[in-house]
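Peer 1: Just to be clear, the model below is a prediction. Sequence and coordinates:
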Amino acid sequence: MADENIKSPSEYASLPAGTRVSYGAVGATIDTAKLLQSATAIGATGNKGTFIDVTRLIDTEPKYMADMGEGEDKTLVFIDDPDDVAQQALLTSADAKETVVFFMQFPNRRLAEIQLVLAGWSMQTVDSPKGKVLQLEVYGKQNKLKWTVTPAEPDQGGA
């Protein structure tokens with residue numbers, strides 16, 4: 001049996017630094033979405049299934065089947081910048097409980113397009129200023145998620 005080509009994590013692991021978060025009205029594209037440059041946390045992104053108990057009287061162990069699942073609850077965190085036009089538009093959308101689309105571009109080339117229904121926002125707890133800045137939380141629930149992977153940059157090589 002031939003040795004498998006086992007890569008070291010340092011060959012493919014990526015830091016989240018460089019993640020770009022953008023949003024727009026439903027139907028927006030990544031090119032027309034507004035960059036939310038003050039994002040500091042976007043929470044988990046993905047689909048988590050749920051299960052239904054289908055245990056019958058004859059069964060002696062529980063039986064389950066996959067359900068449709070439920071959209072993820074999202075809390076997005078931003079450094080508060082009242083002069084950031086895109087951030088203020090997002091807060092207006094959150095106040096209006098609008099459904100919007102978010103794009104999360106990760107540095108490992110994954111791209112998440114998420115439709116979120118927004119449900120308000122708040123300023124994070126304000127207490128001792130040591131090591132803290134004013135931050136906002138925007139609340140939403142995921143309606144739809146589409147994952148893509150952008151093509152790798154061609155190897156420029158060189159002689």
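Peer 2: Arrived safely, thanks for sending. Numbers count the residues shown, from 1 in each chain.
Peer 1: Regarding the residue sitting furthest away from the middle of the chain, what is its secondary structure?
Peer 2: Going by CA atoms, centre = their mean, the residue of the chain most distant from its centre is residue 58, 42.9 Å out. Using DSSP: H, G, I helix; E, B strand; the rest coil, the structure places residue 58 in coil.
Peer 1: now swap in residue 27 and tell me
Peer 2: coil.
Peer 1: so where do the strands sit in this structure?
Peer 2: 20-25, 34-35, 39-41, 51-53, 64-66, 73-79, 99-105, 110-123, 135-149 (DSSP state E).
Peer 1: Okay, now the sheet partners of the first one, with direction.
Peer 2: Each strand pairing with strand 20-25, determined using DSSP bridges, is listed with its direction: strand 34-35 (antiparallel), strand 99-105 (antiparallel).
Peer 1: Save those strands as a markdown table, and put in mean pLDDT too.
Peer 2: Formatted as a markdown table, the strands paired with strand 20-25 follow (pLDDT from 0 to 100):
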| stretch | mean pLDDT |
| --- | --- |
| strand 34-35 | 97 |
| strand 99-105 | 96 |
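Peer 1: Give the closest residue to residue 135 in space, chain neighbours not counted.
Peer 2: Closest residue in space to residue 135, ignoring its immediate chain neighbours: residue 124 at 4.5 Å, by CB to CB, 6 or more residues apart in numbering. C-beta coordinates here come from the backbone N, C-alpha and C atoms, glycine included.
Peer 1: Number of residues surrounding the one you found?
Peer 2: By other CB atoms under 10 Å, the residues close to residue 124 number 14.
Peer 1: That one: what's it in contact with?
Peer 2: 77, 134, 135, 136, 137 (CB atoms under 8 Å, 6 or more residues apart in numbering).
Peer 1: Now do the contacts for the spatially closest residue to residue 69 that is not a sequence neighbour.
Peer 2: Residue nearest to residue 69 in three dimensions, not counting chain neighbours: residue 49, with 4.4 Å by CB to CB, 6+ apart. With contact set as CB under 8 Å, 6+ apart, residue 49 has these partners: 66, 67, 69.
Peer 1: for the protein, what are the low-confidence residue spans?
Peer 2: 1-3, 155-159 (pLDDT under 70).
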